[in-house]
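> my questions are about this predicted structure, shown below with the sequence.
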Amino acid sequence: MLRRHKLVLPLFFLLLILSACGDEYEGDFSYEVQDFSYTNQDGETVNKSDLDDKFWVANFIFTNCETVCPPMTSNMSKLQDQLAEAGLNDVQLVSFSVDPENDTPEALKEYGKSREASFDNWDFLTGYEFDDIKEFSINSFKSPVEPIADSDQVMHVTSFFLVSPEGNAIKRYTGTMPAEMEKIVADIEDYK
């Protein structure tokens, strides 16, 4: 009898500790997104803490991109529509510029408007140095960002990343493929 009581107390404390952990979302990986404080298309400061406790989708773009950014941004706009149709209005979209020298808030706002973005839950971010976004992309999303020699273009990933309410990137999607937007919506619905 005494032996059974000795086991109950440690089990109780273990359950107490585990219950304090809360929800943790598992994905294909778990990369902690670093803290940031950047400027959006309206000149407002957006911090990582503004995204705490909600799902968000991140990508990397720049406004004078001649290849992958226009279709990626169009797909993010489609994703925004699909999230609204699914009633997932609390999901935030975040596009980080990899050309902060040229991508002013005004340029990003015009770029977003031209691709039918609604700024209600979509921020286009700038307000940092190139080396800062390069380091942020590598550390937070394990994704390289490099200028292309003798060009005004920047090499960056074409992925969309799903970030959990704990602030961890947990899934990657091909941002140039429209069908991937449906997968993002379905994955968020499964998590909720």
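Arrived safely. Numbers count the residues shown, from 1 in each chain.
> quick one, strands of the chain?
Assigned by DSSP state E, the chain shows strands spanning 31-32, 37-39, 45-47, 56-61, 92-97, 122-125, 146-147, 154-155, 159-163, 168-174.
> residues making contact with the last one?
I take that to be strand 168-174. Outside strand 168-174, the residues that touch it by Cβ atoms under 8 Å, 6 or more residues apart in numbering are 25-33, 58, 140-141, 158-164, 180-181, 183-184, 187. (C-beta placed from N, C-alpha, C; glycine too.)
> buried ones among these?
Buried positions within those, assessed by neighbour count (16 or more other Cβ atoms under 10 Å), are 25, 27, 31, 33, 58, 140-141, 158-164, 180-181, 184, 187.
> where along this protein do the helices fall?
Using DSSP state H, the helices of the chain run over 2-20, 69-85, 105-114, 130-141, 179-191.
> quick one: list the elements packing against the third one.
Just to be clear, that refers to helix 105-114. Helix 105-114 sits against strand 92-97, strand 122-125, with contacts defined as 3 or more Cβ pairs under 8 Å, 6 or more residues apart in numbering; DSSP states H and E.
> quick revisit: and the strands of the chain: which comes nearest residue 133?
Across the strands of the chain, residue 133 has its closest neighbour in strand 92-97 (6.1 Å, Cβ to Cβ).
> tell me the strands beside that closest one, with direction?
With DSSP bridges as the test, strand 92-97 is paired with strand 56-61 (parallel), strand 122-125 (parallel).
> contacts only, for residue 127.
Contacts of residue 127 by Cβ under 8 Å, 6+ apart are 38-39, 100, 105.
> tell me the one of the residues you listed nearest residue 92?
residue 38 (13.4 Å).
> any idea how far the residue nearest in space to the middle of the chain is from residue 27?
Centroid-nearest residue in the chain: residue 58, 2.5 Å away (criterion: Cα atoms, centre = their mean). To residue 27, residue 58 is 13 Å away according to Cβ to Cβ, to the nearest Å.
> now residue 71
In this view, residue 71 and residue 27 are 24 Å apart by Cβ to Cβ.
> ok, now residue 93?
18 Å.
> how far off centre is stretch 117-128?
Put simply, stretch 117-128 sits 12 Å off its chain's centre (Cα atoms, centre = their mean, to the nearest Å).
> now stretch 75-95
In terms of Cα atoms, centre = their mean, the centre of stretch 75-95 is found 12 Å from the chain centre.
> buried residues of it, list them for me.
75-77, 79-80, 82-83, 88, 91-95.
> which of these sits closest to residue 46?
Distance to residue 46, by Cβ to Cβ, is smallest for residue 94 among the buried residues of stretch 75-95, at 7.7 Å.
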